[in-house]
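Engineer: Generate coordinates for the sequence data below:
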Amino acid sequence: MAILEDKIREQIKTLFEALQNQVRIVNFTQEFECAFCRMTREMLEELGHLSEKITVEVYDFVRDAETVKRYAVDKIPATALVGEKDYGIRFYGVPAGYEFTSLIEGIIDVSRRKPNLSQDILTELAKVDRPVHIQVFVSPTCPYCMFAVRNAHRFAMASSFITADMVEVTEFPHLVVKYNVQSFPKIVINENHALPGLPTDTEFVRAILNAIAR
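Structural biologist: Here you go, the predicted model:
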């Protein structure tokens, strides 16, 4: 049974006509798939059939240890969007609900090889000079979460020092406890810098720079 409805599939196919360059969707699952692994893989494979500019690669979290290490994946289901390089864009869990939009728009961004950010924000991101790991904890029913995810992923595209994860909380409840996630979205920068709610682009970048301040 198809994951995507016919109407949605046709809408996405139309959107994908704007893809400019090849996009690799790299998915990590396992032989005996977890509850959400199969759904994620099948959805991504369906997307791969909607444009010749998309290829879908599926790896086993256990068997393909070298690839897992290369992409620094630590849980599944995991998805990376890759262009001419790995931008550090990650989805952990099913990118469903509002996050499906984040996935589709992320694919389009990667195909264009550049994020849709103002020059002021790009100038500030150029000041990032050490590794930054952003985790955006989301609920599929949160209408604001996708904006935080989109910004985090765009920042990762703009800076080779930044990696950005969408983390769907219902699939990783232990992380909800670890990071004390009580509302959505919740942004965690480098493990110990928390940013609740939906910040503006400027507030988000300022938080990143504060997190790496010497």
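
Engineer: Walk me through which strands the lowest-mean-pLDDT helix or strand in the chain pairs with, and which way each runs.
Structural biologist: Taking mean pLDDT, DSSP states H and E as the measure, the helix or strand of the chain with the lowest value is strand 193-196, at a mean of 92. Counting by DSSP bridges, the strands paired with strand 193-196 are strand 186-189 (antiparallel).

Engineer: so after the least confident helix or strand of the chain, what's the next helix or strand?
Structural biologist: Once strand 193-196 ends, the next helix or strand along the chain (criterion: DSSP states H and E) is helix 201-211.

Engineer: Next, Leu175: secondary structure please.
Structural biologist: Put simply, Leu175 is helix when judged by DSSP: H, G, I helix; E, B strand; the rest coil.

Engineer: where in this structure is pLDDT low?
Structural biologist: Applying pLDDT under 70 to the chain flags residues 1, 214.

Engineer: re the thing from before, starting at the chain centroid, how far to the least confident helix or strand of the chain?
Structural biologist: Put simply, strand 193-196 sits 18 Å off its chain's centre (CA atoms, centre = their mean, to the nearest Å).

Engineer: just stretch 76-94 next, same as before
Structural biologist: Computed by CA atoms, centre = their mean, the chain-centroid distance of stretch 76-94 equals 6 Å.

Engineer: Using CSV, write out the CA atom coordinates for that stretch.
Structural biologist: Coordinates of each C-alpha in stretch 76-94 appear next as CSV, following Å, rounded to 0.1, in the frame of the first residue of the first chain:
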residue,chain,number,x,y,z
ILE,A,76,17.2,5.1,13.3
PRO,A,77,15.2,5.8,11.3
ALA,A,78,17.6,8.4,10.0
THR,A,79,17.6,10.3,6.7
ALA,A,80,20.3,12.6,5.2
LEU,A,81,19.8,14.9,2.3
VAL,A,82,23.0,15.1,0.2
GLY,A,83,23.9,17.2,-2.8
GLU,A,84,27.4,17.6,-4.2
LYS,A,85,28.4,17.2,-0.5
ASP,A,86,26.9,16.2,2.8
TYR,A,87,25.5,19.4,4.3
GLY,A,88,24.8,17.8,7.7
ILE,A,89,21.0,17.8,7.2
ARG,A,90,19.4,15.0,9.2
PHE,A,91,15.9,13.8,10.0
TYR,A,92,15.6,11.3,12.9
GLY,A,93,12.2,9.7,12.8
VAL,A,94,9.5,9.8,10.3
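
Engineer: Report the buried residues of that stretch.
Structural biologist: 76-83, 86-94 (16 or more other CB atoms under 10 Å). Placement of C-beta: from N, CA and C, glycine included.
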